[in-house]
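Engineer: Attaching a predicted model along with its sequence, questions to come.
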Amino acid sequence: MDDRKRVLSDHKKVKKKLIPPFLYKLGPILEISWVKVILPELFWIAIMHDYHGQKKGVELVLSLSKSSYDFQDDKTDMKLYGSTSSFLKLSAKSKEKVREFLNKNNELTEITSALYPLVASYPDCPLKFLFDHIETDRMESKKYIEYLKKIISELYDKTTLKAILVQATFVYLAFQMDVLKVGVNTSLAKFPEIEKYPNTEISKEVAASIRSAVPAFFNEPHYDVNSRWPSYFWNRGLKISPCTFDYGEVKIGKKQ
């Protein structure tokens, strides 16, 4: 058995695509673009990783996600606070409680310090509520453009190490919030092996399942498919970026 067959051994072939076990049990799911939709939605997680490092970044992401769930008005509203758009579900009162909780745990400043370049450059970012203690209309954005573009370029290929770790963090949130359960014989049951990606065959197998799993959470009821954040993310990028970077599917920046 070659490496590819071994990595995808528990997948089911549907026409020309290989579907991981837990997905084909869920039934048909709309195809979601990594670049157009998922990358903008998970971009904040990448920034947290970049600023704080993997371990600390994941801890802070989980704290924000869990506190958002704990303080939302209705526990049936949203279970997985992982996409940028998901935070739009929070009421003003819930947002205040989240800020108070994070501040009490000495995490608010750590989170806002990391996300400052994103919110400064994208004033309509749903995560702006975390900056209630800062005059966001006076934020500087120009000096952060190159930094944000660097992270985008590292994520554009969803199979890169950084992109995989971002997706893995999102799946980790799904596990922690009890919205994802997998069988013991599935690749995702070996989830901790992702830390060894791409150096082992098992980690490649887990990564393949993670990449397949993430789009499942960008459909109802976990995600508002009409969210304006992804299009705003790219359109705003076109407006603020002084250079052109053509990645094939999306152009970031203005032509000179």
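Structural biologist: Yep, that arrived. Numbering: from 1, shown residues only.
Engineer: Looking at stretch 240-252 now, give me its mean pLDDT.
Structural biologist: Average pLDDT, stretch 240-252: 50.
Engineer: try stretch 44-53
Structural biologist: pLDDT averaged over stretch 44-53 gives 98.
Engineer: Any buried residues in that stretch, and which?
Structural biologist: Neighbour counts over stretch 44-53 (16 or more other CB atoms under 10 Å) mark 44-52 as buried. Glycine gets a C-beta too; all of them are placed from N, C-alpha and C.
Engineer: Then stretch 165-176?
Structural biologist: Quick answer for stretch 165-176 (16+ other CB under 10 Å): 165-174.
Engineer: quick one on the thing from earlier: ok, the buried residues of stretch 44-53 vs residue 132, which is closest?
Structural biologist: Residue 132 lies nearest to residue 44 out of the buried residues of stretch 44-53, by CB to CB, at 17.0 Å.
Engineer: Contacts only, for the closest one.
Structural biologist: 84, 115, 118, 127 (CB atoms under 8 Å, 6 or more residues apart in numbering).
Engineer: Residue 79 too?
Structural biologist: 69, 177-179, 222.
Engineer: repeat for residue 125
Structural biologist: 84, 118-119, 229.
Engineer: so which of those comes closest to residue 106?
Structural biologist: Nearest to residue 106, judged by CB to CB, of the contacts of residue 125 is residue 119 at 19.9 Å.
Engineer: Listing request: residues of the stretch 51-200 of the chain with sub-threshold pLDDT.
Structural biologist: 135-141 (pLDDT under 70).
Engineer: So the closest residue to residue 71 other than its chain neighbours, which state does it fall into?
Structural biologist: The spatially closest residue to residue 71, leaving aside those adjacent along the chain, is residue 97, at 4.0 Å (CB to CB, 6 or more residues apart in numbering). Following DSSP: H, G, I helix; E, B strand; the rest coil, residue 97 is assigned to helix.
Engineer: now do residue 185
Structural biologist: The assignment at residue 185 comes out as coil when based on three-state DSSP.
Engineer: repeat for residue 82
Structural biologist: With three-state DSSP as the basis, residue 82 sits in coil.
Engineer: and it, what does it touch?
Structural biologist: Counting by CB under 8 Å, 6+ apart, residue 82 has contacts 42, 45, 61, 65, 170, 173-174, 217.
Engineer: do residue 124 as well
Structural biologist: 232, 236.
Engineer: can I assume residue 101 is in contact with residue 68?
Structural biologist: No. The pair residue 101 / residue 68 is not scored as a contact, 9.5 Å apart, by CB atoms under 8 Å.
Engineer: Now do the helices in the chain.
Structural biologist: 3-7, 21-26, 39-52, 54-71, 92-104, 108-121, 145-155, 161-176, 201-213, 229-240 (DSSP state H).
Engineer: pLDDT averaged over the shortest one - what is it?
Structural biologist: Model confidence over helix 3-7, given as mean pLDDT, is 48.
Engineer: Show me the two of the contacts of residue 44 that sit farthest apart.
Structural biologist: Pairwise across the contacts of residue 44, and taking CB to CB, the largest span is found between 84 and 115, at 10.1 Å.
Engineer: what do those two both touch?
Structural biologist: 44, 127.
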